[in-house]
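Novice: Show me the folded form of this:
(one chain, ligands or ions: 1)
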Amino acid sequence: MAKLFEPYTIRNLTLKNRIAMAPMCMYSSHNEDGQVEDWHRVHYGSRAVGQAGLIILEATAVQPQGRISPQDLGIWEDAHIEGLTELTRLIKQHGAAAGIQLAHAGRKATVDGAIQAPSVLAFSDQYKTPVEMSKDAIQETIQAFAAAAKRAADAGFDLLELHGAHGYLINEFLSPLSNHRTDEYGGSAENRYRFLREIIDAVRTSWEGPLFVRISAEDYTVGGMTSEHYIEMAKWMKDQGVDLIDVSSGAVVPAKIDPFPGYQVPYSETIRTGADIATGAVGLITSGLQAEEILRNDRADLILIGRELLRDAYWPYRAARELHTEIEAPAQYSRGWTF
Ligand code: FNR
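Specialist: Below you'll find the model as predicted:
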C-alpha cells in the first residue's frame, strides 16, 4: 500500500491517510461578521467527500482586528461556535478529521482602525503602519488565542494549527526583519520566540488534542530566518507539546520567491531531521508520486495540498489510482460498482 494512504496517528487522533487540505482563506463571510456561510459548507464538505484525511480550515481570526480582510472567518466570540460546529459535523461525517488554523494578521490586517505588530514597521507602501503592541496588548492577544482554542474544542475540532507563517502576527515576532523590539519580546531568538511560547502554553490550557504550528522557514532575505534557524525553535515547540511543524515559507517581508515543484520540501526535511519532530510538506505538490517520494524518503510525515485540491476536490481518488492503491469510496459512489 502506498504510504500516502496509510493511517497516521498524532496524539489521540488517527487520520485515515496522510493527505491534508492546506488552510486556504476563502474571504467568504460576506456580512463581515466572521460567520460560516453556504460557501464554506459546500467547499469543505466536498473535500471531505473527496477523501482528504484531514481538512484544516482557513486562517480564522482570533480577534476582529486580526483579520486579513473583513470577510475572514472568525472565532473571536462564542457566536461563531454554532456555524463552526456545523462544519465539523459535515467534515467528520465523511471520515475526515477537522482542523482549524487560528490566526492573527498583525501588520498585514486590512480592517478599519489601528493595526498591531511587534514594531512600527509597515509591510510595504501599500500597507498601514502598525502600532507597536504594548505588553497588555500582547497578553490580550495571547488570551484571545487561548479563548479561540477553547471555542474550537467546543465546536468539535480534532486538531488546531497556529498560523506562525506568511508574515502574520506570530511570524512578525519570530523574524528579526519585522521584530525590532528591545524588550523581552525582541532581540535574541529566545526573546522573539517568547510570544509564540506564551501562546502555545496558553492554548495548551484549553486544548489537549493535536497541535500544529505553521512556519515560514525561509525569509528569502539577508538577515532573515532560514530553516537552519528554525531547528532551534522547532525543538522548543516540541518541548512545549507541539506535534507537527507545517513547513511553509516567505511573506514576512516583500521578497522575490521562485517557486517550483516541492520547493519547500528541503525546509521540511531540515527541520524534521534537525529537531526530530514530525513535519508537514506543502507547496506545489500535485501528484501522488511526488507525495509518495516525500513520505518514503522521510522528508515529511504529512502532505498538505492547497491549490490542487481547489482544482480537484477529489484529488485523493486520483492519487490513489496513480499509486495503484484502492481506497474506500462513499457508499453512494460504490454501491454495486467497482470504484
Ligand atoms: C493560501 N495559503 C494559506 N496559507 C495559510 O497558512 N493560511 C491561509 O489561510 C492561506 N490562504 C490561502 C488561500 C488561497 C486561495 C491559496 C491558494 C493559498 C497558502 C496555502 O496553504 C499553501 O501553503 C500554498 O497554496 C502552497 O501550496 P499549493 O497550493 O502549491 O499546494
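Novice: for the stretch 101-250 of the chain, what spans make up the strands?
Specialist: Assigned by DSSP state E, counting those that start in this stretch, the strands in the stretch 101-250 of the chain fall at 116-117, 131-132, 159-164, 211-216, 244-248.
Novice: will you turn the ones you listed into a markdown table that also has mean pLDDT and mean neighbour count?
Specialist: Placement of C-beta: from N, CA and C, glycine included. Output for those, formatted as a markdown table (pLDDT from 0 to 100; neighbours: other Cβ atoms under 10 Å):
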| stretch | mean pLDDT | mean neighbour count |
| --- | --- | --- |
| strand 116-117 | 98 | 26 |
| strand 131-132 | 98 | 14 |
| strand 159-164 | 98 | 27 |
| strand 211-216 | 98 | 27 |
| strand 244-248 | 99 | 28 |
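Novice: and these as JSON lines, adding distance to the ligand?
Specialist: Output for these, formatted as JSON lines (distance: least, Cβ to the nearest ligand atom, whole Å):
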{"stretch": "strand 116-117", "distance to the ligand": "18"}
{"stretch": "strand 131-132", "distance to the ligand": "24"}
{"stretch": "strand 159-164", "distance to the ligand": "5"}
{"stretch": "strand 211-216", "distance to the ligand": "5"}
{"stretch": "strand 244-248", "distance to the ligand": "5"}
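Novice: Compare these and give me the one nearest residue 53.
Specialist: strand 159-164 (10.9 Å; Cβ to Cβ).
Novice: what about dumping the CA coordinates of stretch 96-106 to PDB?
Specialist: In PDB, the C-alpha atoms belonging to stretch 96-106 read as follows (Å, rounded to 0.1, in the frame of the first residue of the first chain):
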ATOM      1  CA  ALA A  96     -12.100  13.200   7.500                       C
ATOM      2  CA  ALA A  97     -10.600  14.900  10.600                       C
ATOM      3  CA  ALA A  98     -11.500  18.500  11.200                       C
ATOM      4  CA  GLY A  99      -8.700  21.000  11.900                       C
ATOM      5  CA  ILE A 100      -8.700  24.800  12.100                       C
ATOM      6  CA  GLN A 101      -5.900  27.400  11.700                       C
ATOM      7  CA  LEU A 102      -6.000  30.100  14.400                       C
ATOM      8  CA  ALA A 103      -4.700  33.400  13.100                       C
ATOM      9  CA  HIS A 104      -4.000  37.000  13.700                       C
ATOM     10  CA  ALA A 105      -2.800  39.100  10.700                       C
ATOM     11  CA  GLY A 106      -0.800  41.600  12.700                       C
END
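Novice: Show me how far that stretch is from its chain's centre.
Specialist: When distances are taken as Cα atoms, centre = their mean, to the nearest Å, stretch 96-106 is centred 6 Å away from the chain's centroid.
Novice: re the thing from before, relative to residue 40, which of the strands of the stretch 101-250 of the chain is closest?
Specialist: strand 159-164 (16.9 Å).
Novice: partners of the closest one, with directions?
Specialist: strand 97-103 (parallel), strand 211-216 (parallel) (DSSP bridges).
Novice: Same list, those, but as TSV with distance to residue 64 please.
Specialist: TSV is the format used below for the strands paired with strand 159-164 (distance: least, Cβ to Cβ, whole Å):
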stretch	distance to residue 64
strand 97-103	12
strand 211-216	21
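Novice: hang on, residue 270 in a helix?
Specialist: Yes: checked against DSSP: H, G, I helix; E, B strand; the rest coil, residue 270 lies within a helix.
Novice: My guess is it contacts residue 228. True?
Specialist: Yes: the criterion here is Cβ atoms under 8 Å, and residue 270 meets it with residue 228 at 6.6 Å.
Novice: Same drill for the two, tell me which one is more crowded.
Specialist: Neighbours were counted for residue 270 and for residue 228 using other Cβ atoms under 10 Å; residue 270 has more, 21 against 13.
Novice: That one and residue 167, how far apart?
Specialist: Distance of residue 270 to residue 167, computed by Cβ to Cβ, to the nearest Å: 21 Å.
Novice: Equivalent analysis for residue 220, please.
Specialist: Distance from residue 220 to residue 167, by Cβ to Cβ: 11 Å.
Novice: Give the residues shared as contacts by those two.
Specialist: Here residue 220 and residue 167 share the contacting residues residue 250, scored by Cβ atoms under 8 Å, 6 or more residues apart in numbering.
Novice: neighbour-wise, which of these two wins?
Specialist: residue 167 (23 against 18).
Novice: Touching, that one and residue 179? I think so.
Specialist: No: using Cβ under 8 Å as the test, residue 167 is too far from residue 179 to be in contact (11.6 Å).
Novice: Shouldn't residue 292 be within a helix?
Specialist: Yes: Residue 292: assigned to a helix according to three-state DSSP.
Novice: Show the contacting residues for it.
Specialist: Neighbouring residues of residue 292 by Cβ under 8 Å, 6+ apart: 2-4, 323.
Novice: so what's the closest residue to the ligand within the stretch 51-200 of the chain closest to, chain neighbours aside?
Specialist: The nearest approach of the stretch 51-200 of the chain to the ligand comes at residue 59, 3.3 Å away (Cβ to the nearest ligand atom). Excluding its sequence neighbours, the residue lying closest to residue 59 (Cβ to Cβ, 6 or more residues apart in numbering) is residue 103, at 3.7 Å.
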